[in-house]
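Q: This is a predicted model, with the sequence first.
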Amino acid sequence: SKHSPNITHVEWKRVTRLCHTKSLLTINGEYPGPTIIVHEGDNVEIKVTNKVDRNTTLHWHGIRQYRTGWADGPAYITQCPIRAGKSYTYKFTIADQRGTLWWHAHLSWQRATVYGAFIIYPRLPYPFSAPIHQEIPIIFGEWWNPDVEAVENEMMLSGAGPNSSDAFTINGLPGPLYPCSYQDTFIQTVEKGKTYLLRIMNAALRNELFFAIADHTLTVVEIDAVYTKPFNTKAIMIAPGQTTNVLLTTNQAQDSSSSKMFVMAARPYLTSSFPFDNSTTIGFLNYKSTRNEEIKHPLAPYVLPSNLPPMEDTIFATKFSEKLRSLGSSQYPCRVPKKIDKRVITTISLNLQDCPSNETCKGFRNKRFLASMNNQSFIRPSMSILECHYKNLTTTSTNLFSNFPENPPFPFNYTGVDPIAENMNTQFGTKLLVVPFGTKLEMVLQDTNFLNPENHPIHVHGHNFFIVGTGFGNYNADKDPKYYNLVDPPERNTVAVPIGGWAAIRINADNPGVWFIHCHLEEHTSWGLAMGFIVQSGPKPSQCLLPPPHDLPPC
Ligand code: C2O
């Protein structure tokens with residue numbers, strides 16, 4: 001069936017949080033943006049009209065966009081921006097996907113305020129152990145008192161890291177632990193003795209988060225719109241870009257004659273808090289009483305759930321990630337490529353660039369920050385790479401593009417104590433990894449141990465991938481593949497590469513087009529931690545990129 005969700009225009013809206021009122025970039029004036037609800041198999045058409053004075057694009061994070069890269073959305077990768085006063089209709093089909101995804105703006109840091117849930121109802125019944133009484137979307141974000149695009153611009157000018165946001169939020173609400181925010185608290189009322197499906201999304205710009213509900217166990221059943229083998233956990237770790245569905249059974253409050261509140265809380269996973277935001281957003285789970293009392297805001301002091309992991313809890317983060325497994329049922333088999341055609345190894349780094357002699361740079365050691373993959377800092381061109389590719393311009397007449405190196409330019413001890421001297425320099429360019437249709441590709445993402453206090457959430461557009469292995473230290477191509485999980489590895493679109501370690505992902509490159517691969521920590525993308533990924537069209541017509549739509553925005 002054809003489905004046109006409730007997203008129509010981009011507009012400014014005055015919004016107040018933390019006693020600070022500002023104009024936010026929004027969709028239809030909503031913050032967070034509207035929830036999109038579709039069904040597996042739907043043909044989706046979303047006409048977006050830009051009613052503001054700046055460029056924008058929208059991206060449907062995790063939607064595969066099979067042959068429809070034109071609707072994917074990252075600015076200058078698959079389209080030029082929608083300019084002021086103009087419209088563009090995103091058209092795509094939801095094929096063989098179901099679950100929780102999300103959507104967000106994909107230009108500068110606009111996704112700070114322009115984001116929302118994207119829910120796909122399955123053709124088949126849920127494969128869950130209990131009937132779902134109600135579904136509850138929970139989307140984490142960040143609130144910034146300043147304009148976020150100005151934050152990015154200033155950061156790029158000074159070479160320093162950005163200032164932190166002013167609060168984390170649950171469904172746009174910071175909660176009572178922030179100044180002047182008591183009235184902006186998320187409260188979810190539930191009934192005792194039911195099973196709820198929480199659709200949890202991390203839309204924060206800069207932080208992986210731990211999330212827990214006091215006295216409750218969560219059962220993980222889905223990640224990035226792929227069912228998992230269920231497991232119970234006291235908390236979850238969720239990286240920017242990721243989604244996690246959990247079952248929540250309301251089996252706590254004993255006496256239902258009066259209502260009872262349980263604190264839910266999200267705070268960052270960070271191995272070093274300075275200079276990052278290490279604050280906590282809380283909301284409440286409210287067990288409804290039989291007497292139907294009015295909901296009262298709980299008063300301080302607020303006790304954080306004892307099951308919320310401490311901020312630096314790498315052990316919890318690691319064990320949690322290791323428990324994730326594809327469901328791998330006959331209905332939903334795990335399609336991990338058992339053999340590969342190609343292995344690409346890439347470092348993921350923060351880097352430093354010398355400061356021009358007449359300037360002062362505030363990054364580190366008087367230099368500016370950069371970020372890279374295989375020491376290539378990605379430059380977004382001023383045209384759409386997909387359009388260039390479609391017109392066969394990526395390889396021929398222009399010298400704007402060049403090949404992404406398939407191995408680190410020089411090996412060093414990536415996770416050693418101080419690899420700064422060796423790892424400092426990067427090259428700038430629009431580097432593209434080009435593979436033939438159907439390539440079974442393995443990418444090893446190797447973190448480098450420089451000034452980075454958290455996992456890098458690497459997101460691949462246009463494809464899901466399978467995380468066949470992870471580890472700490474340096475990847476070893478002789479030993480590590482022996483321990484890969486080629487049976488039921490987790491399938492997702494965003495992997496949190498362990499800090500001081502590596503992750504090996506396998507991609508069945510069967511979606512022709514140009515796809516962005518990047519770190520979902522926003523300043524890292526700004527600094528160049530990204531690459532282009534081109535999957536060539538196959539020999540059959542059904543394996544080719546479709547032609548561009550007529551209303552594709554021009555550059
Ligand atoms: Cu969630 Cu390139 O994006």
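A: Structure received. Numbering: from 1, shown residues only.

Q: Residue ranges in this protein under the pLDDT threshold?
A: 1-2, 256-257, 273-275, 394-398, 417-423 (pLDDT under 70).

Q: What residue in it comes nearest to the ligand?
A: The chain approaches the ligand most closely through His61 (3.7 Å), counting by CB to the nearest ligand atom. Where C-beta positions appear, they are placed from N, C-alpha and C, glycine not excepted.

Q: what sits against that residue?
A: With contact taken as CB atoms under 8 Å, 6 or more residues apart in numbering, His61 is in contact with Leu101, Trp102, Trp103, His104, Phe118, Gly241, His459, Asn493.

Q: same check, this time on Gln65
A: Ala71, Asp72, Phe92, His461, Gly462, Asn511, Gly513.

Q: ok, now which ones touch the residue nearest to it when sequence neighbours are not counted?
A: Once flanking residues are discounted, Gln65 sits nearest to Asp72: 4.9 Å by CB to CB, 6 or more residues apart in numbering. Shown in contact with Asp72 (CB under 8 Å, 6+ apart): His59, Trp60, Ile63, Gln65, Thr78, Gln79, His461, Gly462, Gly513, Trp515, Phe516.

Q: Stretch 459-470 and the ligand, any residue contact?
A: Yes. Stretch 459-470 is in contact with the ligand by CB under 6 Å from any ligand atom, via His459, His461.

Q: on that earlier part again, can you tell me how far the residue of the chain closest to the ligand is from Trp103?
A: Note on His61: its distance to Trp103, by CB to CB, to the nearest Å, is 6 Å.

Q: So which bits of the stretch 201-350 of the chain are right by the ligand?
A: For the stretch 201-350 of the chain, the contact set with the ligand under CB under 6 Å from any ligand atom comprises Gly241.

Q: For Glu149, grab phi and psi.
A: When read as degrees, to the nearest 10, the backbone of Glu149 gives phi -70, psi -30.

Q: Equivalent analysis for Thr219, please.
A: According to degrees, to the nearest 10, Thr219 has phi -110, psi 110.

Q: In a helix, His216, correct?
A: No. His216: not assigned to a helix; according to DSSP: H, G, I helix; E, B strand; the rest coil it is coil.

Q: can you count the residues close to it?
A: 18 (other CB atoms under 10 Å).

Q: Same question for Tyr178.
A: Counted by other CB under 10 Å, the residues lying close to Tyr178 total 23.

Q: same check, this time on Pro305
A: 20.

Q: Look up the closest residue to it, ignoring the ones flanking it.
A: Nearest residue to Pro305 in three dimensions, chain neighbours excluded: Ala214, at 3.7 Å (CB to CB, 6+ apart).

Q: How about Glu191?
A: Nearest-residue entry for Glu191: Lys288, 5.6 Å, with adjacent residues in sequence omitted and distances by CB to CB, 6+ apart.

Q: neighbours of that neighbour, just the number please.
A: Lys288 has 17 neighbours, counted by other CB under 10 Å.

Q: wait, doesn't it sit right on Val190?
A: Yes. Using CB atoms under 8 Å, Lys288 makes contact with Val190 at a distance of 6.8 Å.

Q: Assign a three-state SS to Asp184, would you?
A: Three-state assignment for Asp184 (three-state DSSP): coil.

Q: What sits closest to it if chain neighbours are left out?
A: Setting aside the residues directly before and after it, Asp184 is nearest to Leu173 in space (CB to CB, 6+ apart), at 4.5 Å.

Q: wait, the one you found sits on Tyr182?
A: No. Applying CB under 8 Å, one finds Leu173 not in contact with Tyr182, separated by 10.5 Å.

Q: hmm, back to that, would CSV of the contacts of Gln65 with distance to Ile534 be doable?
A: Shown next, in CSV, are the contacts of Gln65 (distance: CB to CB, whole Å):
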residue, distance to Ile534
Ala71, 17
Asp72, 13
Phe92, 19
His461, 12
Gly462, 10
Asn511, 11
Gly513, 8
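
Q: Now, of those, which are buried?
A: Buried members of the contacts of Gln65, counted by 16 or more other CB atoms under 10 Å: Ala71, Asp72, Phe92, His461, Gly462, Asn511, Gly513.

Q: between those residues, which is nearest Leu270?
A: Proximity of the buried ones among the contacts of Gln65 to Leu270 (CB to CB) peaks at His461, which lies at 26.4 Å.

Q: if we can go back for a sec, show me which of Leu173 and Tyr182 is the more surrounded one.
A: Leu173 (22 against 15).

Q: can you list the residues of this structure near the ligand?
A: Residues of the chain lying near the ligand (CB under 6 Å from any ligand atom): His59, His61, Pro74, His104, His106, Gly241, His459, His461, Phe516, His518, His520.

Q: Of those, which belong to strands?
A: Among the residues of the chain next to the ligand, DSSP state E puts His59, His61, His104, His459, Phe516, His518 in strands.

Q: need the contact list for the residue nearest to the first one when sequence neighbours are not counted.
A: With CB to CB, 6+ apart as the measure, Gly73 is the residue that lies nearest to His59, at 3.4 Å, once sequence neighbours are left out. Shown here is Gly73, whose contacts under the criterion CB under 8 Å, 6+ apart are Thr57, Leu58, His59, Trp60, Gln79, Tyr90, His106.

Q: dump the residue contacts of the residue nearest the centre of the chain.
A: Note on the chain: the residue nearest the mean C-alpha position is Gly241, at 1.1 Å, using CA atoms, centre = their mean. Residues in contact with Gly241 (CB under 8 Å, 6+ apart) are His61, Asn202, Pro457, His459, Asn493, Thr494, His520.

Q: The second one against Glu208, yeah?
A: Yes. With contacts counted by CB under 8 Å, Asn202 reaches Glu208, the gap being 7.4 Å.

Q: who's more crowded, those two?
A: Using other CB under 10 Å as the criterion, Asn202 and Glu208 rank with Asn202 on top: 26 against 23.

Q: and that one, bridged to which residues?
A: As for beta bridges, Asn202 partners with Phe140 under DSSP bridges.

Q: what does Ala117 give?
A: Beta-bridge pairing for Ala117 (DSSP bridges): Trp102.

Q: got TSV for the residues of the chain next to the ligand, with distance to Pro122 too?
A: Putting the residues of the chain next to the ligand into TSV (distance: CB to CB, whole Å) gives the following:
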residue	distance to Pro122
His59	23
His61	19
Pro74	27
His104	23
His106	26
Gly241	22
His459	23
His461	23
Phe516	27
His518	29
His520	25
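
Q: Quick one: the helices in the stretch 201-350 of the chain, in order.
A: Counting by DSSP state H, counting those that start in this stretch, residue ranges of the helices within the stretch 201-350 of the chain are 314-323.
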